[in-house]
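**Q** model this:
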Amino acid sequence: MTISNQSKVLLRANELTCIREERILFDELSFNINAGDIVQVEGPNGAGKTSLLRIIAGLSRPYAGEVEYLAEDINRCRDEFNHDLLYLGHLAGVKSELTAEENLNFNLRISGYDDFDTTAILAKVNLTGFEEALAGHLSAGQHRRTALARLQHSNCKIWILDEPFTAIDKKGVEELEQLFIQHAKSGGCVILTTHQDMSIISDDMLQKVTLDYRFI
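**A** Okay, the predicted model is just below:
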């Protein structure tokens, strides 16, 4: 299955098979993800959406098959692939004992950035006035915004996001969609899971990979 007609293939899944506890989550799954694609992985709970994201990100190995980045197996171009990848898992990855500003500063610096304005970045995710607040004292939505703030200062081509809209209000979801569109139009791609409807991203830009579970 090729899910985009654009010319530059960033990622290619080749006959991926994933088995967990005697269940085939997906079998011989193949697709291309091109520059400019926004891809929603959908399916019922337990169908393997997070497993697929982790395999694409190189965090888990498939039972069979491979993932390629720019036509090379990601295991043979690990440094280049990791440099161009931003992965945010289902958990926010925010340390409760650090402030919003400290969390953002830490995450950007370990990603290799050293020239940024944390106050300006946090303002873009509506956290003005909460820069010095401990993340553990923030609301669930503010906690999630702290994690997502790093998207505002990312040069990575590939964004892989597991449930990024969790605890985000409608306005925040629309702002994230606009950010995804901007990233795709700049030549990147976004792969995400979500149980929420996306209203701004057009059908010609939004592609879908649908999973369903079955037993061996």
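
**Q** What sits closest to Thr17 if chain neighbours are left out?
**A** Closest residue in space to Thr17, ignoring its immediate chain neighbours: Ala64 at 4.1 Å, by CB to CB, 6 or more residues apart in numbering. From N, CA and C alone the C-beta is placed, and that goes for glycine too.

**Q** didn't that neighbour look like it was pressed against Ile24?
**A** No: counting by CB atoms under 8 Å, Ile24 is not a contact partner of Ala64; they are 10.7 Å apart.

**Q** so what sits against both of those two?
**A** Common contacts of Ala64 and Ile24, defined by CB atoms under 8 Å, 6 or more residues apart in numbering, comprise Thr17.

**Q** When these two are compared, which one has more neighbours?
**A** Taking other CB atoms under 10 Å, Ala64 and Ile24 do not tie; Ile24 has more neighbours (16 against 13).

**Q** low pLDDT regions in the chain?
**A** The chain contains residues with pLDDT under 70 at 1-7, 213-216.

**Q** follow-up on the earlier one: got the contact list for the residue nearest to Thr17?
**A** Glu15, Leu16, Thr17, Glu28 are the contacts of Ala64 under CB under 8 Å, 6+ apart.

**Q** Confirm that the third one sits in a strand.
**A** When you say that, I think you mean Thr17. Yes: judged by DSSP: H, G, I helix; E, B strand; the rest coil, Thr17 forms part of a strand.

**Q** Would you check how far apart Pro44 and Thr194 are?
**A** Using CB to CB, to the nearest Å, Pro44 is found at 14 Å from Thr194.

**Q** repeat for Arg12
**A** As judged by CB to CB, Arg12 and Thr194 stand 23 Å apart.

**Q** what's the answer for Ser30, then?
**A** 23 Å.

**Q** Between these two, which has more neighbouring residues?
**A** Thr194 (18 against 12).

**Q** Show me this structure divided up by domain.
**A** 1-84+159-216, 97-155 (automatic domain parsing).

**Q** what's the closest of the ones you listed to His90?
**A** domain 1-84+159-216 (4.4 Å; CB to CB).
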